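Turn this into a structure:
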Amino acid sequence: MKIDILTLFPDVINTFVNESIIGRAIQNNKIEINVINFRDYANNKHKKVDDYPFGGGSGMLLGIQPIYDALTDIKSNNKPKVLLTSPQGKTLNQPLVEELSKEEHLVIICGHYEGIDDRVREYLVDEEISTGDYVLTGGELAALIIVDSVSRLIPDVINEESHKNDSFSTRLLEYPQYTRPVEFKGMRVPDVLVSGNHKLIAEYRIKESLRNTYLKRPDLLENYTLNTQETKLLQEIIIEEGKKS
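So this is what the prediction gives:
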């Protein structure tokens, strides 16, 4: 996959993408990430990319010209999917991440200042994406969240087993996990996990995934179709949690 990121703060992006898993994926040619300062496309000698909004108002708006010219340059060889980070966009979730991971080429425009000329959204962008119901000072953090969540689903970036049971990948929250030591200052790992009984371990993980979801994000269960085993386990959980309260 190729990802182009249009930003006024390339160092913010470069510092992140050149580290850890994404950095290794770039080195191994699994992902190509190009960080583009669209100020370089400004058509004035001062490289000014923002101006006051028509009709008045506080703050400055990013203009359309440098973004348009940057996209024109990028699109000269192919037609990527163009995203705009925006608090008004579709909320990023795992199904959307999975959808984006199937694209061959993404372009992410990082908004900034008070906003962006709406012609960018209307004429140049395929999709607006929000990372949550809050407002950031700039779109760089949102762009990095998109890059990180999408990149880990690209084949061979990480082991498939590492993400297929993640929270939301199964449409439920993940089950709790533990490592050595088995006991630490009286805090013990559940016996089933060190029993060696793989059938019981598998059932424990399904049940605790359901429990986590039931207790922390019950809204996810509204759109989740339970199979016979999960229905039985959820009923047990409801009884167990009812007794606790």
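
so where's the longest helix in the chain?
helix 198-216 (DSSP state H).

for that one, packing partners?
Here helix 198-216 touches helix 228-244, going by 3 or more C-beta pairs under 8 Å, 6 or more residues apart in numbering; DSSP states H and E. No exception for glycine: its C-beta is placed from N, CA and C like everyone else's.

The longest helix of the chain - what's its average pLDDT?
Mean pLDDT, helix 198-216: 97.

Might you quantify the distance of it from its chain's geometric centre?
Taking C-alpha atoms, centre = their mean, to the nearest Å, one finds helix 198-216 lying 25 Å from the centre of the chain it belongs to.

Same question for stretch 199-217.
24 Å.

which other residues reach it?
Stretch 199-217 is contacted by residues 170, 172-176, 190, 192-193, 195, 220-221, 224, 229-230, 233-234, 236-238, 241 when judged by C-beta atoms under 8 Å, 6 or more residues apart in numbering.

okay, and the helix or strand of the protein with the least pLDDT?
helix 160-163 (a mean of 62; mean pLDDT, DSSP states H and E).

The helix or strand just after that one pairs with which strands?
Using DSSP states H and E, the helix or strand that follows helix 160-163 towards the C-terminus is strand 183-184. Sheet pairing for strand 183-184, assigned by DSSP bridges, gives strand 187-188 (antiparallel).

Please parse this structure into its domains.
Per the record, the chain has its domains at 2-159, 183-244, by automatic domain parsing.

Can you measure across the first one, start residue to end residue?
This means domain 2-159. 20 Å (C-alpha to C-alpha, to the nearest Å).

again with stretch 171-189
Start-to-end span of stretch 171-189 (C-alpha to C-alpha) is 26 Å.

Tell me where this protein has helices.
10-17, 20-27, 64-74, 94-100, 118-119, 140-151, 160-163, 198-216, 228-244.

Let me have these in TSV, extended by distance to Ser86.
Converted to TSV, those look like this (distance: least, C-beta to C-beta, whole Å):
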stretch	distance to Ser86
helix 10-17	18
helix 20-27	23
helix 64-74	13
helix 94-100	14
helix 118-119	10
helix 140-151	8
helix 160-163	27
helix 198-216	28
helix 228-244	37
